[in-house]
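Enquirer: Pasting a predicted model and its sequence here:
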Amino acid sequence: MKNTIIAPSILASDFANLESESNMLNRSEADWFHIDIMDGRFVPNISFGIPVTAAINKHAQKPLDVHLMIVEPEKYLEDFKNAGAETLTVHYEACTHLHRTIGQIKELGCKAGVALNPHTPVSVLEDVIQDIDLVCVMSVNPGFGGQKFIENTYDKIEKLASLIKKSNSNALIEIDGGVNLDNAPKLIKAGADVLVAGSFVFNSKNPEDTIKNLKSINNSLVS
Ligand SMILES: O=C(CO)[C@@H](O)[C@H](O)COP(=O)(O)O
Ligand SMILES: [Co+2]
């Protein structure tokens, strides 16, 4: 049975209590910590950067999945690796030399991810899909948590799954934005391997239970 990876997004957590939020994720069935880095240039919002990532990493007992929504990400890869990143995801739209940037991530010993904005077709990845470990399909326009899920994402996942299969790539398909218990089963059926969920987890009454519910979707799909 496929084991869907659940990656709660720290963006929706209580920034004044990152230690307790991290401990909650450590106790929970979450697999990764999703860390959203926004620079106010690639996206119209600023979140936090390298020192806060390092501070989260002090408490996190699970891999950090770092989503760089920044221009010129190649300048900061090493800093984020040193801050604890296991996966470094750059945006296709922010990289003039994407192939080189992927190589730099690998040289640092990190997993290489590439994120696609909602308007970017999966076909742009044809010539790099074998080199990457993860494709992050944005199911909202990047920059903010709590936005409405874009329905076209299901088609996009299917196209990406077929590109990955055709290319004998091992890339994981991650979905980021507006994920909840209503759309998650359909996302998994379409081929999603990793679900990022921010507000759905942290705004719920019991985030640990919400993570457990997301994690158990696979079981219910089997029957
Ligand atoms: O990268 C982003 C937004 O740009 C995401 O990771 C959000 O943080 C997801 O938040 P929700 O849509 O689940 O609230
Ligand atoms: Co993200």
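Expert: Done, it's in. Ligands and ions are numbered 1, 2, ... in the order given.

Enquirer: all strands of the protein, in order?
Expert: Applying DSSP state E to the chain gives strands spanning 5-8, 33-38, 64-69, 85-91, 111-116, 134-138, 172-176, 194-197.

Enquirer: Which part of the chain gets nearest to ligand 2, residue-wise?
Expert: H67 (3.7 Å; CB to the ion). C-beta coordinates here come from the backbone N, C-alpha and C atoms, glycine included.

Enquirer: Contact partners for that residue?
Expert: H67 sits next to H34, I35, D36, I37, T89, G113, A115, C136, D176, V196 when contact means CB atoms under 8 Å, 6 or more residues apart in numbering.

Enquirer: Kindly report the same for G84.
Expert: T53, A54, I56, N57, A60, L64.

Enquirer: you'd agree the third one is up against L64?
Expert: So the one you mean is I56. Yes. At 7.1 Å, I56 counts as touching L64 under the criterion of CB atoms under 8 Å.

Enquirer: what is in contact with the two at once?
Expert: F33, I35, G84.

Enquirer: what about the protein, any weak spots by pLDDT?
Expert: 1, 222-223 (pLDDT under 70).

Enquirer: And the longest helix seen in it, what does it pack against?
Expert: Of all segments of type helix in the chain, defined using DSSP state H, the longest is helix 153-166. Where contact means 3 or more CB pairs under 8 Å, 6 or more residues apart in numbering; DSSP states H and E, helix 153-166 is packed against strand 134-138, strand 172-176, helix 184-190.

Enquirer: Comparing these, which comes out most buried?
Expert: Looking across the helices and strands packed on helix 153-166 with neighbours counted as mean count of other CB atoms under 10 Å, the highest average goes to strand 134-138: a mean of 26.

Enquirer: which parts of this structure sit against ligand 2?
Expert: Counting by CB under 5 Å from the ion, the chain comes close to ligand 2 at D36, H67, D176.
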